[in-house]
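Enquirer: model this:
(one chain, ligands or ions: 1)
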Amino acid sequence: MRRWIDVRRDPAEAPVVATCAWCRAEIYAGSEVARIDDGGGVVHAGWRERCADEYAAERVYDAVGVIDRNGNVE
Ligand SMILES: [Zn+2]
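Expert: As a prediction, this is how the structure comes out:
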């Protein structure tokens, strides 16, 4: 397991290697990310980071809610 070593590293010392496609903030080397399949680019995907979930929800789903007996989602 290397992950905990990366998490412990001070982000300020890691080089910026990308920009998050969702929040536009810098992504540092050693960060957990999700790579976008079509357009390239990456989003934050670490613990407590919502960028990957929110980016996916925005791109994949046009409605999220309760489906009724007619198949409509509200
Ligand atoms: Zn982000």
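Enquirer: per-residue pLDDT, Thr19?
Expert: If you check Thr19, the pLDDT there is 97.
Enquirer: next one: Glu74
Expert: With respect to pLDDT, Glu74 scores 86.
Enquirer: May I ask which helix or strand encompasses the nearest residue to it once chain neighbours are set aside?
Expert: Nearest non-adjacent residue to Glu74, counting by Cβ to Cβ, 6 or more residues apart in numbering: Gly65, 5.0 Å away. Where C-beta positions appear, they are placed from N, C-alpha and C, glycine not excepted. Per DSSP states H and E: Gly65 is located in neither a helix nor a strand.
Enquirer: For Gly65, give its distance to the ion.
Expert: In this view, Gly65 and the ion are 25 Å apart by Cβ to the ion, to the nearest Å.
Enquirer: same deal with Ala21?
Expert: According to Cβ to the ion, Ala21 stands 8 Å off from the ion.
Enquirer: in this protein, which spans are helices?
Expert: Secondary structure of the chain (DSSP state H): helices at 3-8, 51-60.
Enquirer: could you dump the longest one to CSV, C-alpha only?
Expert: Spelled out, it's helix 51-60. Extracted in CSV, the C-alpha atoms of helix 51-60 (Å, rounded to 0.1, in the frame of the first residue of the first chain):
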residue,chain,number,x,y,z
CYS,A,51,-15.7,16.7,-7.8
ALA,A,52,-15.9,13.3,-9.5
ASP,A,53,-19.4,12.6,-8.3
GLU,A,54,-20.7,16.0,-9.2
TYR,A,55,-19.0,16.0,-12.6
ALA,A,56,-20.4,12.5,-13.4
ALA,A,57,-23.9,13.6,-12.2
GLU,A,58,-23.8,16.7,-14.4
ARG,A,59,-22.5,14.8,-17.5
VAL,A,60,-24.4,11.6,-17.3
